[in-house]
Every structure is written in structure tokens, then in C-alpha cells.
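> need coordinates for the below:
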Amino acid sequence: MNRRNRVFAVCALCAALPLGYAQNSLDNPDWKEENAAPAPTYSVHRALLLDLPQFVSVKIGVDPETIAVGADGIVRYVAVIRNASGANYGVYEGIRCLTGQVKTYARSNANGVWNQVVSPAWKDWSDNLGSQHAKVFARQAACDTGLARTKDDILSRLRSGKAL
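Residues are numbered from 1 along each chain as shown. Predicted coordinates:
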């Protein structure tokens with residue numbers, strides 16, 4: 001292959017990359033997170049169960065109707081949590097697959113009323129948080145080698161599990 005054809009091949013390859021790739025790359029100082037939409041309404045009956053370790057006493061699923069993949073590469077969703085006494089509540093979060101981080105935007109009480117997090121911040125999903133469900137969701141369905149999957153692919157992976 002001559003030099004001209006190699007240059008053409010590299011340009012064609014770059015053009016084929018997902019539009020959000022450059023925007024989401026770690027070395028892009030211009031990357032900006034989109035404004036998160038208000039916390040969506042969720043249903044415990046639609047939630048698809050995450051594959052958590054057996055010692056975890058709560059059941060956690062993701063309501064498929066709340067999943068959104070932004071142009072900024074953030075997967076936003078509501079994690080639906082059912083505790084041992086049967087009370088349900090939700091957590092509206094975003095995962096940045098590229099950096100392995102999670103941000104909590106809002107939490108609901110048992111009545112489904114949302115409380116916005118005052119200063120939401122990105123945290124490494126490997127930190128010893130109260131729950132590792134964001135990391136499990138990322139690995140089970142939301143992320144693929146540092147990039148966000150499409151909503152359809154996320155749903156397909158979640159539906160291969162069990163309902164909450």
C-alpha cells in the first residue's frame with residue numbers, strides 16, 4: 001500500500017469512530033458533561049435485577065425506562081432498591097464508563113419523592129461506597145471497554161437477567 005492509500009485508510013478509520021469518542025477521550029480538556037435531566041419517574045415493577053453477590057441483603061435493579069445514554073458518554077439511570085423490610089426507593093445516577101466513575105444526582109424516599117443532591121460529584125466506582133451496584137451495572141450492562149453501550153445493548157444485557 002502506498003503512502004497516499006495509507007493516509008486515506010487512516011482518515012477513513014478516524015471518520016468511522018463514534019462521534020462522541022473524541023469528546024469523551026481522557027486527553028480532551030474540552031469534554032463537558034451535559035446537564036442531567038430531572039430525575040425521572042421510575043417503577044419497581046419494571047426494574048431488572050442486577051447480579052449482586054449473595055451476601056448483599058438488598059435487591060437492586062435498574063428501571064429500563066429511565067436509561068439514557070448522552071452524547072457526553074454518560075449513562076444515566078434510576079437504580080431501584082428494595083430493602084429487607086420491603087421498602088423501595090430510587091437513586092438517579094450517571095456512569096462515566098471511560099473513567100470508571102459514578103455520580104448521584106438525586107435520591108428518592110420510600111414514597112418516591114426525589115431529593116436532589118446539592119453538589120453531585122464524580123466518584124470512582126471502586127471506592128468503598130455504601131453499595132457497589134453502579135460498578136456491577138457498568139460491568140454487567142452499561143459499559144464496554146471504557147465506552148458507553150447503546151441503550152438497546154444495555155437493555156438486552158439487563159433483560160438476560162431477572163426481574164426485581
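> low-confidence bits of the protein, can you list those?
1-27, 128-131, 161-164 (pLDDT under 70).
> and the helices in it?
Ranges of helices in the chain, per DSSP state H, are 3-16, 20-24, 133-137, 151-159.
> distance of residue 121 from residue 76?
Applying Cβ to Cβ, to the nearest Å, the value for residue 121 to residue 76 is 15 Å. The C-beta positions use only the backbone N, C-alpha and C, and glycine is treated the same way.
> of the two, who's got more company?
Remark: of residue 121 and residue 76, residue 76 carries more neighbours, 22 against 8, as counted by other Cβ atoms under 10 Å.
> residues contacting that one?
If a contact means Cβ atoms under 8 Å, 6 or more residues apart in numbering, then residue 76 has 36, 37, 66, 67, 68, 69, 70, 92, 93, 94, 95, 105 as its contacts.
> which one of those is nearest residue 30?
Nearest to residue 30 among those is residue 70, at 15.8 Å by Cβ to Cβ.
> does the closest one really touch residue 31, like I thought?
No. Judged on Cβ atoms under 8 Å, residue 70 makes no contact with residue 31 at a distance of 11.8 Å.
> ok, and what's touching stretch 32-52?
With Cβ under 8 Å, 6+ apart as the test, stretch 32-52 has contacts from 59-66, 68, 70-72, 74, 76, 78-80, 82, 88, 90, 92, 94, 96, 105-106, 108, 112, 114, 116, 132-133, 136-137, 140, 158-159, 161-164.
> list only those of those flagged as buried.
Buried subset of the contacts of stretch 32-52 (neighbour count, 16 or more other Cβ atoms under 10 Å): 59-64, 66, 70, 72, 74, 76, 78-80, 82, 88, 90, 92, 94, 96, 105-106, 108, 114, 132-133, 136-137, 140, 158, 164.
> among those residues, name the ones in strands.
59-62, 74, 76, 78-80, 82, 88, 90, 92, 94, 96, 105-106, 108, 114 (DSSP state E).
> could you give the number of residues near residue 45?
Counted with other Cβ under 10 Å, the neighbours of residue 45 add up to 10.
> next, it: phi, psi?
Note on residue 45: backbone dihedrals following degrees, to the nearest 10 are phi -70, psi -30.
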